[in-house]
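# Pasting the sequence and the predicted model now:
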Amino acid sequence: MRWVLSCGAGGRPGPGGRARPGWGRGGAAAVVREGIGAPGGRRGLARPLPRRTASAAPGARRPLGTTRWHGRAPGGRGGSAPRTDRSRGAIRPPLRPRTGWDHGGVSDVNRNELGAFLKARRAELTPQAVGLADTGTPRRVPGLRREEVAGLVAISTDYYARIEQGRISVSGPVLEAIARVLGLDETQSAYLRELAGRPSVARPRRRAPQRLDPQMRRVLDGLTEWPAMVLGRHLQILGWNRQAAALIADFGAIPEARRNYVRMIFTDPRIEALFPDWDAVVRSCVATLRLEAGRFPDDPELASLVGDLSLKHPDFRERWAARHVQSHGSGTKRFRHPVAGDLTLDWQTLTCPTDPEQHLTVYSAEPGSPSHQGLLFLSSWAAEQVERAPVDPTG
C-alpha cells in the first residue's frame, strides 16, 4: 500500500498511471491510496475518500492549499497527520507532543511556581518601600502592580507579565534585577534562580536513598554535653544523640517513616508545647521545606509529605501558600521543657562535606548561664533514665 497525490479536476496523470502533482479547476491535490480496490478492479488511483466536516457541507469544494489524510499517515504507524500551510499549501511536520519540560528545560511545575512566588513577593511590598510616590489610587490587590515592578526592572509590562505567567525563559541579568527590586535576600534569590532553571550549582540527576554519614555519627556520639541531631532531605531526622532525645523527643520510639521534623511539629502536641515561639519555629520549618521543593519539584516523597500535611493541617496549607523560603543557618530558640524548665539555646547548623543534604544542628548555651545549667541538669537526668531502663534479655 502506498500513498500518492492525486490531482484535482483537470490534473494530468503521470507515467504508469500515477498522479502527477498539479492543480485543476476544483482545488488542491488530495492524498489517496494506490493499490487493490481501485475502480474497475485494477491497480490504479482510488478516489479521495469522502469525509464530512463541521466547516463544510457535503459536496463542497475544499479550499485551495488544504490536504486531508485518510486512514494512517505516511509511514504506516499512525500518529498526528502533517499540517498544511494554507497560504502556500506546504506540508509541515506534525506537532510534537507536549511534555512536562519546556522553555529552556524548566518544568511546568517550576514555571507555575515561579509566577506564584513573584506574585507573593511583590504583594508584600508597598510603593513607598521601593521609592515610588503614592498616587492615592485605590488598589484592587495589595502590594506592587506588575507595571510598577516592570518599570523598576526597566522591562516592558508585557514582558514581566509573561514572566509571571511562565510563558518565556528569563535571562540571568533580568532575574538579578527582579530580585533586587523585590528586595530578595540571598536564599530567596537562589530559589528564584532554581525556579527559572538557572541554578548556581548543578542539580543531581538521581537521588539515592539517604543514610546517616558515618562521620556525622561519630560527631553525634562525641557530643556529650550539647544536644545535636542530623536533618536530611525533607527535614527527615537521620540521627541524634542522647541529649537531643532528652531535649526534644524520644526519636527512637517514632517509626522511621514518620520521623520527620516538620511532621512532628504539626502532629505532636508535646512538641508544640515545647516551643513558646511555636509560630516562628513553624514558619522556619515550612520555609526550609519550600526552598527544597524549588530545587526538587518532582520529588515524590516531598510531594507526598506536603500533600499529606496540606490536607490535614490548614495552618500548614496557609503557610505553604505564602511561599517564604529559608536556608539552614543559625539562630536562637526558646524551650519550655517539662524537666529542665525554660531554656534559651543558640543553634548552629553545619553541612556534611560528603553529603550537602545532611545538616548537623547543635544546641548550646553561654557557659554559666541558667540555660547552661539547665542543659547540664538535663544531661544528668537523661543518663539516669538510661541506667533505669530495663535490659533487653535478647541482647
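Happy to help now that I have it.
# contacts, neighbours, all on C-alpha from now
Will do.
# Which strand in the chain has the most residues?
The longest strand of the chain (DSSP state E) is strand 341-351.
# For that one, give me every contacting residue.
328-337, 357-365, 370-371, 374 (C-alpha atoms under 8 Å, 6 or more residues apart in numbering).
# neighbouring strands for it, and are they parallel or not?
Here strand 341-351 has these sheet partners by DSSP bridges: strand 330-337 (antiparallel), strand 359-364 (antiparallel).
# list the buried ones in it?
For strand 341-351, burial by neighbour count (16 or more other C-alpha atoms under 10 Å) applies to 342-345, 347-349, 351.
# pLDDT on it, on average?
The predicted model assigns strand 341-351 a mean pLDDT of 95.
# so how far does stretch 147-158 reach from one end to the other?
End-to-end distance of stretch 147-158 (C-alpha to C-alpha, to the nearest Å): 8 Å.
# Tell me which residues are up against that stretch.
Under the contact criterion C-alpha under 8 Å, 6+ apart, stretch 147-158 has outside partners 122, 146, 160, 174, 177-178, 181.
# What mean pLDDT does that stretch get?
Here stretch 147-158 scores 89 as its mean pLDDT.
# Flag every buried residue along it.
In stretch 147-158, counting by 16+ other C-alpha under 10 Å, buried: 147, 149-150, 152-153, 157.
# Tabulate these (TSV), appending secondary structure.
Putting the buried residues of stretch 147-158 into TSV (DSSP: H, G, I helix; E, B strand; the rest coil) gives the following:
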residue	secondary structure
Glu147	helix
Val149	helix
Ala150	helix
Leu152	helix
Val153	helix
Thr157	helix
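# Redo these as a markdown table? Include distance to Leu302.
A markdown table is the format used below for these (distance: C-alpha to C-alpha, whole Å):
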| residue | distance to Leu302 |
| --- | --- |
| Glu147 | 35 |
| Val149 | 32 |
| Ala150 | 34 |
| Leu152 | 36 |
| Val153 | 34 |
| Thr157 | 35 |
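# Show me which of the residues you listed is closest to Met264.
Taking C-alpha to C-alpha as the measure, Met264 lies nearest Val149 of the buried residues of stretch 147-158, at 39.3 Å.
# The protein: strands as residue ranges?
Remark: strands assigned in the chain by DSSP E are 2-6, 30-35, 44-45, 83-84, 91-92, 101-102, 106-107, 228-231, 237-240, 330-337, 341-351, 359-364.
# quick one: average confidence on the fifth one?
Yep, that's strand 91-92 we're talking about. Per-residue pLDDT over strand 91-92 has a mean of 49.
# With the first one instead?
For strand 2-6, the mean per-residue pLDDT is 45.
# Just the buried positions in stretch 155-172, please.
Within stretch 155-172, the residues that count as buried by 16+ other C-alpha under 10 Å are 157, 160-161, 163-164, 166, 168-170.
# Same question for stretch 174-190.
175-179, 181-184, 188-190.
# what's the most distant pair in those residues?
Val181 and Ala190, at 15.0 Å, using C-alpha to C-alpha across those.
# and the buried residues of stretch 155-172, which of them are in helices?
157, 160-161, 163-164 (DSSP state H).
# Please convert those residues to JSON lines, extending it with distance to Ile237.
Output for those, formatted as JSON lines (distance: C-alpha to C-alpha, whole Å):
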{"residue": "Thr157", "distance to Ile237": "45"}
{"residue": "Tyr160", "distance to Ile237": "41"}
{"residue": "Ala161", "distance to Ile237": "41"}
{"residue": "Ile163", "distance to Ile237": "37"}
{"residue": "Glu164", "distance to Ile237": "36"}
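# And stretch 166-182, end to end?
Taking C-alpha to C-alpha as the criterion, the two ends of stretch 166-182 lie 18 Å apart.
# hmm, who's touching it?
Counting by C-alpha under 8 Å, 6+ apart, 103-104, 111-112, 114-115, 121-122, 125, 130, 149, 152-153, 162-163, 185, 189, 192-193, 196, 198 sit against stretch 166-182.
# try 7 Å
Stretch 166-182 is touched from outside by 103-104, 111-112, 115, 121-122, 152-153, 162, 189, 196, with contacts defined as C-alpha atoms under 7 Å, 6 or more residues apart in numbering.
# what pairs with the closest residue to Ala228 other than its chain neighbours across the strands?
Setting aside the residues directly before and after it, Ala228 is nearest to Val362 in space (C-alpha to C-alpha, 6 or more residues apart in numbering), at 4.4 Å. Residues in a beta bridge with Val362, per DSSP bridges, are Ala228, Gln348.
# Could you double-check that Val362 sits in contact with Val230?
No: Val362 lies out of contact with Val230 (C-alpha atoms under 7 Å); the separation is 8.9 Å.
# between the two, which one's more packed in?
Using other C-alpha atoms under 10 Å, the more surrounded residue of Val362 and Val230 is Val230, with 26 against 21.
# For the more buried one, which non-adjacent residue is closest in space?
Closest to Val230 by C-alpha to C-alpha, 6+ apart is Leu360, at 4.4 Å.
# residues contacting the one you found?
Residues in contact with Leu360, defined by C-alpha under 7 Å, 6+ apart, are 228-231, 349-351.
# Among those, which one lies nearest to Lys312?
Distance to Lys312, by C-alpha to C-alpha, is smallest for Leu231 among the contacts of Leu360, at 23.3 Å.
# Please report how far the closest one lies from Asp298.
To Asp298, Leu231 is 20 Å away according to C-alpha to C-alpha.
# Looking at the two, which one has more neighbours?
Leu231 (22 against 13).
# mind checking pLDDT for that one?
96.
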